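Asker: sharing a sequence plus its predicted fold:
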Amino acid sequence: MKERFGQAWDLLFTPAIAHRGLWSKDGPPENSLGAFEAACEAGYGIELDVQLSSDGEAVVFHDSKLARMTGREGRIGDHTAADLAQMRLAGTDETIPTLADTLTLVGHRAMVHIELKTPYGEVGPLEQRVHEILIDHNGPTCVIGFNPYSHAWFADRHPEILRGLDSHSYTGSDSARLAPEQRKSFQRLEHVAIARPHFLALGLDMLPSARADEMRKAGMPVIAWTVREPAQWDKVKDHCDNLIFEGYAA
């Protein structure tokens, strides 16, 4: 894999990856240019979330709804990228950035894990826009996400892009939209066959995982998320190759 992906492959393993950038309650907010700059300056990798604006731009924002981070009503997909760029994050001067602007800021200074927030069962527009942006960026990147069909889209069309499948235990309320058999399939990591990823990004709620251990032994790296204190990492680090963290200095 190193021969295929070069520096991006090496950066899967070190340094640790800052969840939504290196943000804090007293500093830059999550998924902001300030948080990404802070991660670069501290020498960390970066994880961020992308979804589409109403005019088809890939913007960096986690929630589908605007309220928690901006105090505004509605959803990301209800607004143009220009409108979103005027919305302040968590009462700061930071605003919602585009993916293109984020990658321009980061350059070659950090590996960027781009989580596509494509709903399960949907695929296409967001993947295409992200690919268009990545064509013009030669810093280290990978795409991650929970939708196995999103990964399959990249595997079929752009296999040169490094891909990591997100997964977790699928036992919480946010998994109610999945049919019981589908949840069981995801818990057993059977959707890896659909996604065809190069690595796994697994929630702490499913680590350690015997199935993931088998895949890791066969050459598929495993990254843990989201680690919020050193003791959590100590429990799983023997089963993982790196961590996505927040709230402390990893």
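Answerer: Received, thanks.
Asker: which residues does residue 76 contact?
Answerer: Neighbour list for residue 76: 51-53, 59, 61, 63-66, 84 [criterion: Cβ atoms under 8 Å, 6 or more residues apart in numbering]. Backbone N, C-alpha and C define where each C-beta goes, glycine included.
Asker: which element is the residue positioned nearest the centre of the chain on?
Answerer: Closest to where the C-alpha atoms of the chain average out (Cα atoms, centre = their mean) is residue 115, at 2.9 Å. Applying DSSP states H and E as the criterion places residue 115 in strand 112-116.
Asker: list the buried residues of that strand.
Answerer: Buried residues in strand 112-116, counted by 16 or more other Cβ atoms under 10 Å: 112-116.
Asker: picking that back up, and the contacts of residue 76 as JSON lines, adding pLDDT, secondary structure and distance to residue 152?
Answerer: Putting the contacts of residue 76 into JSON lines (pLDDT from 0 to 100; DSSP: H, G, I helix; E, B strand; the rest coil; distance: Cβ to Cβ, whole Å) gives the following:
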{"residue": "51", "pLDDT": "98", "secondary structure": "strand", "distance to residue 152": "19"}
{"residue": "52", "pLDDT": "97", "secondary structure": "strand", "distance to residue 152": "19"}
{"residue": "53", "pLDDT": "98", "secondary structure": "coil", "distance to residue 152": "24"}
{"residue": "59", "pLDDT": "98", "secondary structure": "strand", "distance to residue 152": "24"}
{"residue": "61", "pLDDT": "98", "secondary structure": "coil", "distance to residue 152": "24"}
{"residue": "63", "pLDDT": "97", "secondary structure": "coil", "distance to residue 152": "25"}
{"residue": "64", "pLDDT": "93", "secondary structure": "coil", "distance to residue 152": "23"}
{"residue": "65", "pLDDT": "97", "secondary structure": "strand", "distance to residue 152": "28"}
{"residue": "66", "pLDDT": "98", "secondary structure": "coil", "distance to residue 152": "30"}
{"residue": "84", "pLDDT": "97", "secondary structure": "helix", "distance to residue 152": "29"}
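Asker: just the buried subset of these, written out for ChimeraX, thanks.
Answerer: To isolate the buried ones among the contacts of residue 76 in ChimeraX, judged by 16+ other Cβ under 10 Å, type:
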select :51,52,53,59,61,63,66,84
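Asker: any idea which of the buried residues of strand 112-116 is closest to residue 200?
Answerer: For the buried residues of strand 112-116, the minimum distance to residue 200 (Cβ to Cβ) is 12.5 Å, reached by residue 113.
Asker: for that closest one, name its beta-bridge partners.
Answerer: Beta-bridge partners for residue 113, by DSSP bridges, are residue 47, residue 142.
Asker: ok now stretch 15-29, how far from the chain's centre?
Answerer: With Cα atoms, centre = their mean, to the nearest Å as the basis, stretch 15-29 stands 13 Å off its chain's centre.
Asker: helix or strand: which one has residue 232?
Answerer: Assessed by DSSP H and E, residue 232 sits inside helix 230-236.
Asker: so what touches that helix?
Answerer: Contacts for helix 230-236 (Cβ under 8 Å, 6+ apart): 204, 207-208, 224, 227, 243, 245, 248, 250.
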